[in-house]
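Novice: just the structure for this:
(chains A, B, C and D)
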Protein chains: 2
Amino acid sequence: MATLSDVAAEAGVSPTAVSRYLNNRIDLPQATRDRIDKAIAKLDYRPNLLARRLSTGKSEAIALVTPDIANPFFAELAAAVERQAHASGYSVYITSTGGHADAEINAIRRMADSHVDGLIMTTNRVDDGSLANLLAGRENVVLLDEDIAGVSVPRVFVDNAEGTYLAAQHLIAMGHTEIALIGGPHRLMSVNERLAGFARAMDEASLPVRPGRVLLGDYTRDYGAAAASVLLDAADRPTAILACSDYIAIGVMQVVRGLGLSIPRDISLVGFDDMAFAALVDPPLTTIRQPVAAMGELAVKHLFALLDGQTPPAETRLPVELVVRQSVAAPKNSIASSS
Amino acid sequence: MATLSDVAAEAGVSPTAVSRYLNNRIDLPQATRDRIDKAIAKLDYRPNLLARRLSTGKSEAIALVTPDIANPFFAELAAAVERQAHASGYSVYITSTGGHADAEINAIRRMADSHVDGLIMTTNRVDDGSLANLLAGRENVVLLDEDIAGVSVPRVFVDNAEGTYLAAQHLIAMGHTEIALIGGPHRLMSVNERLAGFARAMDEASLPVRPGRVLLGDYTRDYGAAAASVLLDAADRPTAILACSDYIAIGVMQVVRGLGLSIPRDISLVGFDDMAFAALVDPPLTTIRQPVAAMGELAVKHLFALLDGQTPPAETRLPVELVVRQSVAAPKNSIASSS
DNA sequence: GGTCGTTAGTAAAGCGCTTTACATAGCTGA
DNA sequence: TCAGCTATGTAAAGCGCTTTACTAACGACC
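Specialist: Residues are numbered from 1 along each chain as shown, chains lettered A, B, ... in the order given. Take a look at the predicted model:
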């Protein structure tokens, strides 16, 4: 591999001249430029990024730490982040943590050690303070999708409460009064907020939120199935279920089908996320769409602003949207109220 | 950020001693070790990876270049690669190219410039020779999932021909004789092979492969829909369609439904890949399962073997598997032959 | 004809680490 | 008593780049 010095020797100038020429820090006469260009071409010279980074302290790279790249939600987020970062000539280093605290900490450490310029952090856990500690005072981090309590870096979230509010409103408008909610991990910000949105819609319709009708566990298919079993085995079944993720909704569907019931005839179901498969399942799932690409792009923009010494908004909320498909109907034995 | 010299000064030894101690290249008496450990803890020292990499020429990192990280197939592959690499203490740098030739070339270049130790390459295009050129002679590359003609690096593929062979056999056993195939891009290795497997099964059953019944285009939902329209608008519809990817199958389903037809009553359908959504669609899709995780892991293992100076197999084929769900039935107006 | 400004560069230090070669002190054995 | 070994280190160069300061040569101006 040719080095800068090789090029300099070949062109008959000093390494300094080549370096400065390549970085547009010097005006050289055409003849010299030509000699350097020729030398570069001849030797197929490519700058060693490692050396440049070590020397400048800038890496033109950002890190994205994410719970699980195999999860399409995070994969789409990652794709958006990458697209946006590449547009500015930045590389993106992605790490999956599997949602483990120590893996998250290691990932952040490792990223810091590799001297990336900035970090976009997504998590799906409730932090016990270690993450907050690690991130405290950093000026080159933005939080995406989920909060970490106690860190004061720019955050890009979705309007979680509005999402479940819209979903519950939709169910209520269809005539449902017996509505259950299945959510993610207790105390996770998105979970709290989605619960709050649900409660608000219920409240506005003067409907009670019964404790046994709110099940919090995980944003997974398995938990969706487990929770659905509990709800549907009960004496007083709900007529509708608001699943706080499409994965949960899939689990619900599976159990409903297993019980010989039908969606939406016996049970109405609304999901959350609008993952690609939501349109493909049977029946196509009514759900809340998150603007995943916009989230990723905005996170990058805010991170770049930060690196640029600007002050992006402390918190941005992106709007969600109700996507009506076919998993909601009026409850049996009841007449839909006009909305 | 504390440096090695800071630690050395704090511990009252030379930087050399600290470096060699940290790399297990020297035996120090307990007292000295303690002083160094204490200094490290006190200063919260973490080695600068950039500097280490520049100095050693090793990066303990590999690159994965992939067409689209938002595609669950590649995302799962990436997750497997990452898991396996992390287990050996390696980082993975993932890049999405969008399937563009120039982006692929840039990505490979960029990875080489960042001095990763090795590269795992996946593509979904037919190379015009530029990739082959770039990769020629490299001793630290493995090809995954799809071939690049003319490069002689270790390759990890799936048994494509066997997949379509099994699928076609299954359809034939159910009584189908009018079987169409919808495949990916013409001349792509996997496409050729899947076509060959299909042809072999047809041949063994003494069934002709009619030209109008083989449509090659893209591994996408859109192409699946377009191809299905062509096939189903024809005077002599096939009774079964072998889709060479689950995405294609989804497109087919959409068109079939749009025509007021039913799967599997009117048209039988087999997919390829067994993506997560295959089990979730209506009807659940009979498909060919690829061992995605195993592919990713094996690619990493072979890459490490390469880096270790060993010679992994030039080409490995991983087995596929027919997953029978509910998208295949006997053709209407015919009696299923016993298999 | 000296000064000043411009042009066209260069020398050398430094980024933080590794590594090779060498050094010193103390001890052992003949 | 002294050669030689072991234990415990160290000095200095080098990875490939950037950057700060400096210089030499030349022409223009007064």
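Novice: residues making contact with stretch A:157-166?
Specialist: The contact list for stretch A:157-166 (CB atoms under 8 Å, 6 or more residues apart in numbering or on different chains) reads A:144-147, A:181, A:189-190, A:193-198, A:200-201, A:242, A:244, A:272, A:288, A:290-291, A:295, A:315-322. No exception for glycine: its C-beta is placed from N, CA and C like everyone else's.
Novice: pull the CA atoms of it into PDB?
Specialist: Coordinates of each C-alpha in stretch A:157-166 appear next as PDB, following Å, rounded to 0.1, in the frame of the first residue of the first chain:
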ATOM      1  CA  PHE A 157     -39.200  10.300  19.800                       C
ATOM      2  CA  VAL A 158     -42.500   9.500  18.300                       C
ATOM      3  CA  ASP A 159     -45.700  10.800  19.800                       C
ATOM      4  CA  ASN A 160     -46.500   7.600  21.700                       C
ATOM      5  CA  ALA A 161     -49.400   8.900  23.600                       C
ATOM      6  CA  GLU A 162     -51.100  10.300  20.500                       C
ATOM      7  CA  GLY A 163     -50.700   6.900  18.900                       C
ATOM      8  CA  THR A 164     -52.600   4.900  21.500                       C
ATOM      9  CA  TYR A 165     -55.000   7.800  21.900                       C
ATOM     10  CA  LEU A 166     -55.900   7.500  18.200                       C
END
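Novice: now, the contacts of stretch A:157-166 that are in helices?
Specialist: A:189, A:190, A:193, A:194, A:195, A:196, A:197, A:198, A:200, A:201, A:295 (DSSP state H).
Novice: how many neighbouring residues does the spatially closest residue to residue A:51 that is not a sequence neighbour have?
Specialist: Leaving aside its sequence neighbours, residue A:51 sits nearest to residue B:54 (CB to CB, 6 or more residues apart in numbering or on different chains; 5.5 Å). For residue B:54, the neighbour count with other CB atoms under 10 Å in any protein chain shown is 19.
Novice: quick one: residues contacting the residue nearest in space to the middle of chain A.
Specialist: The C-alpha lying nearest the average C-alpha coordinate of chain A belongs to residue A:145 (CA atoms, centre = their mean; 4.6 Å). Shown in contact with residue A:145 (CB under 8 Å, 6+ apart): A:77, A:122, A:156, A:157, A:158, A:190, A:295.
Novice: what's the farthest-apart pair in those residues?
Specialist: A:77 and A:190 (13.8 Å; CB to CB).
Novice: between the two, which is the more surrounded one?
Specialist: Neighbours of residue A:77 and residue A:190, each counted by other CB under 10 Å, are more numerous for residue A:77; the result is 27 against 24.
Novice: what's the distance between the closest residue to the more buried one other than its chain neighbours and residue A:82?
Specialist: Distances taken as CB to CB, 6+ apart place residue A:296 nearest to residue A:77, at 4.8 Å, with adjacent residues excluded. As judged by CB to CB, to the nearest Å, residue A:296 and residue A:82 stand 8 Å apart.
Novice: now do residue A:183
Specialist: According to CB to CB, residue A:183 stands 30 Å off from residue A:82.
Novice: which of these two has more residues huddled nearby?
Specialist: Neighbours per residue, other CB under 10 Å: of residue A:183 and residue A:82, the larger number sits with residue A:183, 27 against 24.
Novice: so what sits opposite that one in the bridge?
Specialist: Applying DSSP bridges to residue A:183 gives these bridge partners: residue A:216.
Novice: thought residue A:140 was touching residue A:121?
Specialist: No - between residue A:140 and residue A:121 there is no contact under CB atoms under 8 Å: 11.0 Å.
Novice: neighbour count: the two, which is higher?
Specialist: Taking other CB under 10 Å, residue A:140 and residue A:121 do not tie; residue A:121 has more neighbours (28 against 16).
Novice: just the pLDDT for that one.
Specialist: Residue A:121 is assigned 98 on the pLDDT scale.
Novice: which ones are touching it?
Specialist: Residues near residue A:121 by CB under 8 Å, 6+ apart: A:65, A:108, A:131, A:135, A:141, A:142, A:143, A:144, A:148.
Novice: do I have it right that the fourth one meets residue A:151?
Specialist: Think residue A:135. Yes - with contact defined as CB under 8 Å, residue A:135 counts as touching residue A:151 (4.6 Å).
Novice: helices and strands around the helix or strand containing residue A:303, which ones?
Specialist: For residue A:303, the host element (DSSP states H and E) is helix A:292-307. Helices and strands touching helix A:292-307, by 3 or more CB pairs under 8 Å, 6 or more residues apart in numbering or on different chains; DSSP states H and E, are helix A:72-87, strand A:118-121, strand A:141-144, strand A:155-158, strand A:315-318.
Novice: any idea how far residue A:181 is from residue A:223?
Specialist: 13 Å.
Novice: the two: who's more crowded?
Specialist: Neighbours were counted for residue A:181 and for residue A:223 using other CB under 10 Å; residue A:181 has more, 29 against 22.
Novice: wait, doesn't that one sit right on residue A:217?
Specialist: No - the pair residue A:181 / residue A:217 is not scored as a contact, 11.5 Å apart, by CB under 8 Å.
Novice: give me the residue from the stretch 151-300 of chain A nearest chain B.
Specialist: Closest to chain B within the stretch 151-300 of chain A is residue A:282: 2.8 Å, counting by CB to the nearest CB.
Novice: any idea how far that residue is from DNA strand C?
Specialist: 57 Å (CB to the nearest atom of the strand, to the nearest Å).
Novice: quick one: low-confidence ranges for the stretch 151-300 of chain A?
Specialist: Nowhere does the stretch 151-300 of chain A drop to pLDDT under 70.
Novice: for it, which residue gets nearest to DNA strand D?
Specialist: residue A:300 (23.6 Å; CB to the nearest atom of the strand).
Novice: can you count the residues close to that residue?
Specialist: Residue A:300 has 28 nearby residues by other CB under 10 Å.
Novice: repeat for residue A:7
Specialist: Around residue A:7 there are 27 residues (other CB under 10 Å).
Novice: show the contacting residues for the residue nearest to residue A:77.
Specialist: By CB under 8 Å, 6+ apart, the neighbours of residue A:296 are A:76, A:77, A:78, A:79, A:80, A:81, A:83, A:84, A:144.
Novice: okay, these in a markdown table with pLDDT next?
Specialist: Formatted as a markdown table, the contacts of residue A:296 follow (pLDDT from 0 to 100):
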| residue | pLDDT |
| --- | --- |
| A:76 | 97 |
| A:77 | 98 |
| A:78 | 98 |
| A:79 | 98 |
| A:80 | 98 |
| A:81 | 98 |
| A:83 | 97 |
| A:84 | 98 |
| A:144 | 98 |
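Novice: up against DNA strand C, what does chain A have?
Specialist: Contact residues, chain A versus DNA strand C (CB under 7 Å from any atom of the strand): A:13-17, A:20, A:26-29, A:31-32, A:51, A:54-55, A:57.
Novice: I figured the residue nearest to residue A:51 was touching residue A:52, is that so?
Specialist: No - applying CB under 8 Å, one finds residue B:54 not in contact with residue A:52, separated by 9.8 Å.
Novice: for chain A, which segments are assigned as strands?
Specialist: Taking DSSP state E to define them, one finds strands in chain A at A:61-66, A:91-96, A:118-121, A:141-144, A:155-158, A:179-183, A:214-216, A:240-243, A:268-270, A:287-289, A:315-318, A:321-323.
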